[in-house]
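Colleague: Below are the sequence and a predicted model; questions follow.
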Amino acid sequence: MLNKFLLKVREKCVNVLRRFESFFRDKSHPRHLKHLCVVSDLFRSKPELVAENAMLRQQLIVLNRHVKRPKFNTIDRTILVFLSRLNRSWRDAILIVKPQTILRWHRYGFKLFWRFKTRNRGRKARISSEVIDLIRKMAKENKLWGAEHIRGELLKLGIHVSKRTIQKYMRNVRETNPSGQKWLTFVHNHMDQIWACDFLQTYDIFFQTIFAFFIVELGSRKVIRFAVTRSPSRQWVAQQLREATAWAEGPRFLIRDNDDKFGPDFDNVAKACGTKILRTPIRAPKANSICERFIGSAQRECLDHIIIFSVMHMYKCLAEYCDYFNTARPHQGIKQRVPCGTKFTVEDGENIVSIPILGGLHHEYRRAA
C-alpha cells in the first residue's frame, strides 16, 4: 500500500512540474528552464529516462551520419516509434522531427502490419466455378445489367450471392465505355487537317531574349513555317499566319495556347481562311503535345549546342535544322518516316555517304548517286 501511495505522489509531482515547465517555457530564461527540467527528471521512473536517452542518442546518430538535412531510414523510424511507446514525455524528447511525423510513421507501420495480416493466402472461392462462369456470362451478354440486376436473376435460379461478389467477377468482363470523345481521339481523326503553333524563347550571347514562332502540321509532322524576332507583336504573329496560308489555303483546325501574343488579328486571319481556332486549356501542355515535342527537339538538338549571336544567326540555324527535320529526320510518330516523304532510289553496290548538318552536329545518310 505504501508503494502505491508513493507512486501516486510521484506521478502528481511530475504532472505539476510538467505544468510549470510548459507555463514557464516561453516566459522564463533558458537557464532557469533547464534547472526546472532537471528537478522534474528526479521524479521520473528509470525506464522512462532510459527510453528518453535512447531517443536522443538515436537522433544524434542520425545527425552525425548526415551533414546536411538528416535522413531517416526504416530502422531509425522503427526505433523512434518503439521508444515513443516507452516514454510518456516523448514529445519533449523529439528535436529534429515533429511529433506529427512520429505519429505518421506509426500509422504507416500499422498499415503495413494490417496489410500483412489480411494478405491473400490463396484461399479458394466460396462459390463454385459454375456460378462464377454464369455471372461472367450474364455480365457479358447483358451490357445494361448491373450487379443488383444480376443478383436478382441469380435469386430466381436459387443462387444466393452478394452484390460485392458479383461486382468482383464482372469487373474483368465489362469494358468501361468512355462518357464522351477524348481529345486524343479527335486529334487522331483529324490529324491531317490540324496545324499547331507555339513560341520558343531563348537568349543570345548578350542574354537578350529572342523568340521563334513555329507552325507544325500534325499529320506529317512537317514544319509549315518558322520565324524569329525579338519582339513578337500581335500584328507580327498575324502576318506569319497570313504568309503560311497563302492564297487563303489553310487547315481546318489550328491549335494555339492562350498567350497574349495571339490577338484578334490572328483569329481574323484564320477565320478568313476557313480555319477554326482551338485554344488549349490552361495548364494543359498535352493538348498541344506534338508542337511542344517539336519545340523540345529544336531546343535539345539544335539551340542547346549553339551560341546565338544575333537574330539572323538564329534564323539561319533554325532554317537548316527545319530543312533537316522535314526532309531527312525520321519520326517515331509517323512510323519512322520522313515528314516530306522524300524517297531515294536504292541500287545494289552503291556507297553510303554522310552529309553534315549544322556543322556536323547531325548527319544525313544517303546512297551515292
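Modeller: Everything's here; your move. Numbering: from 1, shown residues only.

Colleague: mean confidence for stretch 273-293?
Modeller: Stretch 273-293 carries an average pLDDT of 91.

Colleague: Could you do stretch 113-133 as well?
Modeller: Mean predicted lDDT for stretch 113-133 stands at 78.

Colleague: Span of it from start to end?
Modeller: End-to-end span of stretch 113-133 (Cα to Cα, to the nearest Å): 35 Å.

Colleague: Give me the buried positions along it.
Modeller: Ile127, Val131, Ile132 (16 or more other Cβ atoms under 10 Å). From N, CA and C alone the C-beta is placed, and that goes for glycine too.

Colleague: Need these in a markdown table (columns: secondary structure).
Modeller: Shown next, in a markdown table, are the buried residues of stretch 113-133 (DSSP: H, G, I helix; E, B strand; the rest coil):
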| residue | secondary structure |
| --- | --- |
| Ile127 | coil |
| Val131 | helix |
| Ile132 | helix |
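
Colleague: Which one of those residues is nearest to Cys197?
Modeller: Relative to Cys197, the closest of the buried residues of stretch 113-133 is Ile132; by Cβ to Cβ it sits at 54.5 Å.

Colleague: Show me where the protein dips below the pLDDT cut-off.
Modeller: 1-44, 64-69, 120-125, 175-180, 341-350, 369 (pLDDT under 70).

Colleague: show me where it has helices.
Modeller: When assigned using DSSP state H, the helices of the chain occupy the ranges 2-24, 30-41, 46-65, 74-86, 90-93, 99-117, 129-141, 147-156, 163-170, 183-189, 234-244, 264-272, 289-301, 311-327.

Colleague: What count of nearby residues applies to Asp260?
Modeller: If you count neighbours by other Cβ atoms under 10 Å, Asp260 ends up with 6.

Colleague: how much space is there between it and Thr78?
Modeller: 55 Å (Cβ to Cβ, to the nearest Å).

Colleague: what's the answer for Ala319, then?
Modeller: 62 Å.

Colleague: Could you do Met55 as well?
Modeller: 13 Å.

Colleague: His362 now?
Modeller: Counting by Cβ to Cβ, the gap from His362 to Thr78 is 54 Å.

Colleague: Show me which of the two is the more surrounded one.
Modeller: Neighbour tally, His362 and Thr78, criterion other Cβ under 10 Å: the higher count belongs to His362, 19 against 14.

Colleague: my guess is that one contacts Glu301, does it?
Modeller: Yes: if you go by Cβ atoms under 8 Å, His362 and Glu301 touch, sitting 7.0 Å apart.

Colleague: neighbours around Arg366, how many?
Modeller: Arg366, neighbours per other Cβ under 10 Å, totals 14.

Colleague: Verify the stated contact: it with Ile352.
Modeller: Yes: with contact defined as Cβ under 8 Å, Arg366 reaches Ile352; the gap is 7.1 Å.

Colleague: For those two, list the residues in contact with both.
Modeller: Shared contacts of Arg366 and Ile352 (Cβ atoms under 8 Å, 6 or more residues apart in numbering): none.

Colleague: Look up the closest residue to His106, ignoring the ones flanking it.
Modeller: Val81 (5.0 Å; Cβ to Cβ, 6 or more residues apart in numbering).

Colleague: can you pull the contacts of the one you found?
Modeller: Residues near Val81 by Cβ under 8 Å, 6+ apart: Ile102, Trp105, His106, Gly109.

Colleague: distance of it from Thr229?
Modeller: For Val81, the distance to Thr229 - Cβ to Cβ - is 61 Å.

Colleague: Please apply the same query to Lys98.
Modeller: Lys98 is 52 Å from Thr229, by Cβ to Cβ.

Colleague: Then Ala368?
Modeller: From Ala368 to Thr229 the distance is 40 Å (Cβ to Cβ).

Colleague: out of these two, which sits in the busier spot?
Modeller: Under the neighbour definition other Cβ under 10 Å, Ala368 and Thr229 were set side by side, and Thr229 has more, 16 against 8.
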